[in-house]
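Student: Test case, fold it:
(4 chains)
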Amino acid sequence: MTLLYFAQVRRITTLASESIPSETPLTADELWQNVLQRHPDLALLRPAIRLARNGAFASAETVFQPGDEIALIPPVSGG
Amino acid sequence: MTLLYFAQVRRITTLASESIPSETPLTADELWQNVLQRHPDLALLRPAIRLARNGAFASAETVFQPGDEIALIPPVSGG
Amino acid sequence: MRLHVQLTPEPIPATPPAPAPGPETGAFVEFRGLVRGIEGDRAIGGLVYEAYQPMAEREIARIADALAADHPVQAVHIVHRLGPVPVGEAAIYLGVAARHRAEAFAFLAGFMDLLKKDVPIWKTNTLPAA
Amino acid sequence: MRLHVQLTPEPIPATPPAPAPGPETGAFVEFRGLVRGIEGDRAIGGLVYEAYQPMAEREIARIADALAADHPVQAVHIVHRLGPVPVGEAAIYLGVAARHRAEAFAFLAGFMDLLKKDVPIWKTNTLPAA
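Tutor: This next block holds a predicted model:
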């Protein structure tokens, strides 16, 4: 799966995106474990970050599939 | 005093304005008596008409003076 | 609040001389009230507007001042067309510049409500449908 | 509802290609969100915007559809600028055509609230004051 990082999130990851190997579907918690291992400083932001799966906000039940494009969405500030 | 007629009111009076002789101040009721004598068909519209004195809506206490410009304001419909 | 009011028989231009937004302006809202091709359930070609002009200008200014006390805006530009207005053209234009959008929206909605209550402007006739 | 959405690094023109009002359009509202010269209490020269573009476009369309269910509008034209936006220029433009003004006003206010909640667009930086 591909992870996309924006705004404050990207300032911490210093990456716009990265691929993480995954052969099996992941829950949000499993995904976060993986992300925080790579970028521990995201832990503080986690409560404010929403996950999006293939361009739509994920719900609590969303399962993330291999091949998905997953975005970490920090609080938005458009307009 | 000068009376100004607009919209529905003017369609009844068939006049845009007229002068009425008055040496003394008039209350709204006295003014209306005078107007309805000239244009009895305005009686039906009277409840919907507001009076304006010199370009500002009159209140219940307004006294109309000789020389005033008095407008009969039927319900407005701008915009 | 800088206020500009104009009642005019001329068509309202596509880009009226709107209040120039300054560096403190965060929201600029423009409203056009357009003449629709249906009045009641009858096709029409336009509407004819009439005003008690000096009082209409005073009432517009009074309403704008009253609203600005609750919803501080920076600049307001108001044009109302008089005489015949064909379908599809604007009878009224409002441009509102404010620091924040909430004030501009509240001013605009409030102004239109009060205009239709207190400003001596009337639709006096319809033009025949083309 | 006809919906046009554009995210662009180009300046938003003074007269964007707005929805052409038809004979059934009674209200046409345009909103511009402008970059102010003060952010917090610091003078700035502008803001830099970033988007997750495909999702931003989808979210904008989703929000517009949801709002139109409650506030039927005829046509909506939305432009959000990306990249650096100097003070005084528009970061966002919204044009809304509707039968009546109440729908257009409600749509516009509701859209801006939801945009600032759900659309993945961010102010990522400030430009130094001139």
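
Student: Any part of the one helix or strand C:L67 maps to near chain B?
Tutor: C:L67 belongs to helix C:53-70 when elements are defined using DSSP states H and E. Yes. Against chain B, helix C:53-70 shows contacts by CB under 8 Å from any CB of the partner chain at C:54-56, C:58. All C-beta spots, glycine's among them, are computed from the backbone N, C-alpha and C.

Student: Any chance of these in CSV with pLDDT as columns?
Tutor: Putting those into CSV (pLDDT from 0 to 100) gives the following:
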residue, pLDDT
C:P54, 97
C:M55, 98
C:A56, 98
C:R58, 98
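
Student: closest to D:M112 among these?
Tutor: C:A56 (31.6 Å; CB to CB).

Student: now the residues of helix C:53-70 next to chain B: which count as buried?
Tutor: Buried members of the residues of helix C:53-70 next to chain B, scored by 16 or more other CB atoms under 10 Å in any protein chain shown, are C:55-56, C:58.

Student: and which of these is nearest chain A?
Tutor: Nearest to chain A among those is C:A56, at 35.2 Å by CB to the nearest CB.

Student: and the residue nearest to A:P25 when sequence neighbours are not counted, how far is that from A:E30?
Tutor: Leaving aside its chain neighbours, A:P25 sits nearest to A:V63 (4.6 Å; criterion: CB to CB, 6 or more residues apart in numbering or on different chains). According to CB to CB, to the nearest Å, A:V63 and A:E30 sit 9 Å apart.

Student: List the contacts of the residue of chain A found nearest chain B.
Tutor: Using CB to the nearest CB, the single residue of chain A nearest to chain B is A:G79, 27.8 Å away. Applying CB atoms under 8 Å, 6 or more residues apart in numbering or on different chains to A:G79 gives the contacts D:33, D:80, D:91-92, D:112, D:115-116, D:121.

Student: Tell me which residue in chain A sits closest to chain C.
Tutor: Counting by CB to the nearest CB, chain A gets nearest chain C through A:G79, at 8.2 Å.

Student: State the paired neighbours of the lowest-mean-pLDDT helix or strand in chain C in the sheet, together with their directions.
Tutor: Lowest on mean pLDDT, DSSP states H and E among the helices and strands of chain C sits strand C:38-39, with a mean of 88. With DSSP bridges as the test, strand C:38-39 is paired with strand C:42-51 (antiparallel).

Student: ok, and does stretch C:77-93 reach over to chain B?
Tutor: Yes. Legend: contact between stretch C:77-93 and chain B by CB under 8 Å from any CB is shown at C:80, C:91-92.

Student: So for that stretch, what gets flagged as buried?
Tutor: Those would be C:77-82, C:84-85, C:87-93, for stretch C:77-93 by 16+ other CB under 10 Å.

Student: need the residues of chain A near chain D, please.
Tutor: Contact residues, chain A versus chain D (CB under 8 Å from any CB): A:4, A:6-8, A:52, A:55-57, A:71, A:73-74, A:76-79.

Student: quick one, strands of the chain?
Tutor: By default, I'm working from chain A. A:2-5, A:17-19, A:50-53, A:56-57, A:69-73 (DSSP state E).

Student: meant chain C actually
Tutor: Using DSSP E, strands in chain C cover C:2-8, C:27-34, C:38-39, C:42-51, C:75-81, C:83-86, C:90-98, C:121-128.

Student: mind listing what A:V9 touches?
Tutor: A:V9 neighbours (CB under 8 Å, 6+ apart): A:42, A:45, A:49, A:72, A:74.

Student: Run through the bridge partners of C:Y49.
Tutor: C:G83, C:K123.

Student: beta partners of the one residue sitting closest to the centre of chain A?
Tutor: Nearest to the mean C-alpha position of chain A, counting by CA atoms, centre = their mean, stands A:L72 at 3.7 Å. Taking DSSP bridges as the rule, A:L72 bridges to A:Y5, A:L51.

Student: State the pLDDT value of it.
Tutor: Note for A:L72: predicted pLDDT of 98.

Student: Please apply the same query to A:S22.
Tutor: For A:S22, pLDDT reads 87.
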